[in-house]
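Colleague: for reference, the sequence and a predicted model appear below.
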Amino acid sequence: MLNNKLYIKTWGCQMNEYDSSKIADLMQKELNCKITDSIENANIIILNTCSIREKAQEKLFHQLGRWKKFKKLDPNIIIGVGGCVAAQEGKRILNRANHVDIIFGPQTLHRIPMMINKVRKFKKYLIDISFPKIEKFNYFPLPQKKNISEFISIIEGCNKYCTYCIVPYTRGKEISRPYQDIISEIKILSMQGVREVHLLGQNVNAYKYVDLQGKIYSFSVLLKMISKIKNIKRIRFTTSHPQNFSDELIETYKKLPQLVSFVHLPVQSGSNKILSLMKRRYNIIEYKNIINKLKNIRPNIQISSDFIVGFPGETKNDFYKTISLILDINFDMSFSFIYSPRPGTPASRLNNNNISEYEKKQRLYILQYYIKQQTKKFSKKMLNTIQTILVEGISPQNKQFFYGRTENNRVVFFQNKYNYIGKLVNIKITAFYLYSLHGKFISISNN
Ligand code: 5AD
Ligand code: SF4
């Protein structure tokens, strides 16, 4: 068998990172691939792309241009392009980069080994960017623990069609994985030593699985089932949508101590006018109601968000409504972006000339300034407190330190005689930086 060496480059979200790790697992199993960090050693090169913002196509062709030399040196090298730009552009990629051999989409990555075999046999490129009904999971090998905390995809695609967003077109319609598959995957991981699961999806709280008897399994029901799995000490999830943040889900925060007191709940804008143009399906009062109800149950819960500035029609007044919401909710570390028109989306047809590029950059700068101040405030408040962290490993930068995460996702470094990797421990915070902390080991947590 050929000595296959695979190099994967991943752009974009956690979902893409997850897909890439599944591609790696699959290629090891099916094509006996070794994974390499050095592209010069690889005979299979895969680029997993993202098209959510910026000049995604240009970035792709630049990258492929730089890789042309590898194909020239060795024509047997396979170059594959996947992810959202591949789903969007399909065959058009070959017009500008005919050295590409395979093009696959987010729902066809399980077919990569078969596509590679065919390309090698018939010496002709292959394209498969179809949306088969969530079959890829049936092809992935059994999950293998790589970290104490592991990502698990529970739902694929999105039906929300926010007017600015390309995801529903590139990742397809919302499909929930059968709950039995998710539970058995987590049980296997837990037996291997995984102690935290991070549930993934474009819209995790839209999770809805209907079994053959017609019984509905909602996201809250799924969370309850996961919380019963032995040794799963923490549950995180991203991303959720305010429209699906039901009272039933809020109530689970009362019942499930494993659910961390940290929620990423993208609001995008503080202006009802902009939210309506974005077709976000909620207004600011409704958003605040969710947060208030969560805070009633968990007074210390922290909220992070995504924001878009410079959406077509956003006036200074709309923008300051976003700033005022930031101060009001007291968001912790968040992500923020300048609106980028995505080809084919409804918002791309709106007049986008009412705000200068300079003004957009300034709005982003101001927004990020406020978020940074609040992030710092949260970190500072943790100084001298005792925080429970899940120990994840030894710091790669300094082997004398262990590291773990607080519930609000800050990395904490600490020294200790004993190795408590995989355990919840209490740490007294002795120093803070913007996103990380240093601390002193106090005790093992009883949780
Ligand atoms: N322009 C800017 N930001 C975008 N996002 C999604 N689409 C766009 C776009 N066209 C942001 C949203 C979303 C996050 C994942 O990316 O804030 O929540
Ligand atoms: Fe895009 Fe909106 Fe779906 Fe999120 S909810 S993936 S922003 S369409």
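Modeller: Yes, it's here. Ligands and ions are numbered 1, 2, ... in the order given.
Colleague: for residue 25, which non-adjacent residue is spatially closest?
Modeller: The shortest distance from residue 25 to any non-neighbouring residue, by Cβ to Cβ, 6 or more residues apart in numbering, is to residue 141 (5.3 Å). Every residue, glycine included, has its C-beta placed from N, CA and C.
Colleague: next, the residue sitting furthest away from the middle of the chain: phi, psi?
Modeller: Most distant residue from the mean C-alpha position of the chain: residue 122, 36.4 Å away (Cα atoms, centre = their mean). Backbone dihedrals for residue 122, given as degrees, to the nearest 10, come out at phi -100, psi 0.
Colleague: pLDDT at it, what is it?
Modeller: Residue 122 carries a pLDDT value of 94.
Colleague: dump the residue contacts of whatever residue of the stretch 301-447 of the chain ends up closest to ligand 1.
Modeller: Closest approach between the stretch 301-447 of the chain and ligand 1, counting by Cβ to the nearest ligand atom: residue 306, at 3.3 Å. Listed by Cβ atoms under 8 Å, 6 or more residues apart in numbering, the contact set of residue 306 reads 239, 264, 266, 267, 268, 334, 335, 336, 337.
Colleague: correct me if wrong: the residue nearest to residue 25 contacts residue 29.
Modeller: Yes. The criterion here is Cβ atoms under 8 Å, and residue 141 meets it with residue 29 at 4.5 Å.
Colleague: between those two, point out the one with more neighbours.
Modeller: residue 29 (14 against 11; other Cβ atoms under 10 Å).
Colleague: check whether the strand or helix carrying the more buried one contacts ligand 1.
Modeller: Taking DSSP states H and E as the definition, residue 29 sits inside helix 14-31. No. On the criterion Cβ under 6 Å from any ligand atom, helix 14-31 is out of touch with ligand 1, staying 9.7 Å away.
Colleague: for the remainder of this discussion, apply numbering that starts at 30.
Modeller: In the new count, where the first residue is 30, that last one comes out as helix 43-60.
Colleague: so that helix, near ligand 2 or not?
Modeller: No. Taking Cβ under 6 Å from any ligand atom as the criterion, helix 43-60 and ligand 2 are apart, separated by no less than 9.6 Å.
Colleague: packing partners of that helix?
Modeller: strand 34-39, strand 63-64, strand 73-78, helix 141-151, strand 178-182, strand 225-229 (3 or more Cβ pairs under 8 Å, 6 or more residues apart in numbering; DSSP states H and E).
Colleague: contact partners for the residue in the stretch 230-379 of the chain that ligand 2 sits nearest to?
Modeller: Residue of the stretch 230-379 of the chain nearest ligand 2, by Cβ to the nearest ligand atom: residue 231 (4.0 Å). The contact partners of residue 231, taken as Cβ under 8 Å, 6+ apart, are 44, 184, 185, 186, 187, 196, 200, 203, 268.
Colleague: so it, which state does it fall into?
Modeller: Put simply, residue 231 is coil when judged by DSSP: H, G, I helix; E, B strand; the rest coil.
Colleague: residues of this structure that sit close to ligand 1?
Modeller: So the chain meets ligand 1 at 81, 82, 193, 194, 295, 297, 335, 337, 366, 368, 369, 371 (Cβ under 6 Å from any ligand atom).
Colleague: is the first one in a helix, a strand, or coil?
Modeller: It refers to residue 81. coil.
Colleague: got a list of what it touches?
Modeller: 41, 42, 113, 194, 195, 196, 371.
Colleague: could you redo the last one with a cut-off of 10 Å?
Modeller: By Cβ atoms under 10 Å, 6 or more residues apart in numbering, the contact set of residue 81 is 40-42, 45, 113-114, 193-196, 199, 366, 369, 371.
Colleague: okay, it: pLDDT?
Modeller: 89.
Colleague: quickly note the distance from it to residue 110.
Modeller: Using Cβ to Cβ, to the nearest Å, residue 81 is found at 16 Å from residue 110.
Colleague: for stretch 455-471, buried residues please.
Modeller: 455, 456, 458, 461, 466, 467, 468, 470 (16 or more other Cβ atoms under 10 Å).
Colleague: circling back: show the buried residues in the residues of the chain next to ligand 1.
Modeller: The buried subset of these - by 16+ other Cβ under 10 Å - is 81, 82, 193, 194, 295, 297, 337, 366, 368, 369, 371.
Colleague: which of these fall in strands?
Modeller: 337, 366 (DSSP state E).
Colleague: contacts only, for residue 252.
Modeller: Counted by Cβ under 10 Å, 6+ apart, residue 252 has contacts 228, 233-234, 236, 264, 266, 278, 281-282, 284-285, 287-288.
Colleague: got a ChimeraX select line for the buried ones in the residues you listed?
Modeller: Entered in ChimeraX, the line below selects the buried ones among the contacts of residue 252, by 16+ other Cβ under 10 Å:
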select :228,233,234,236,264,266,278,281,282,287,288
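Colleague: just name the closest of the contacts of residue 252 to residue 344, please.
Modeller: Within those, the smallest distance to residue 344 is 31.2 Å, found for residue 234 (Cβ to Cβ).
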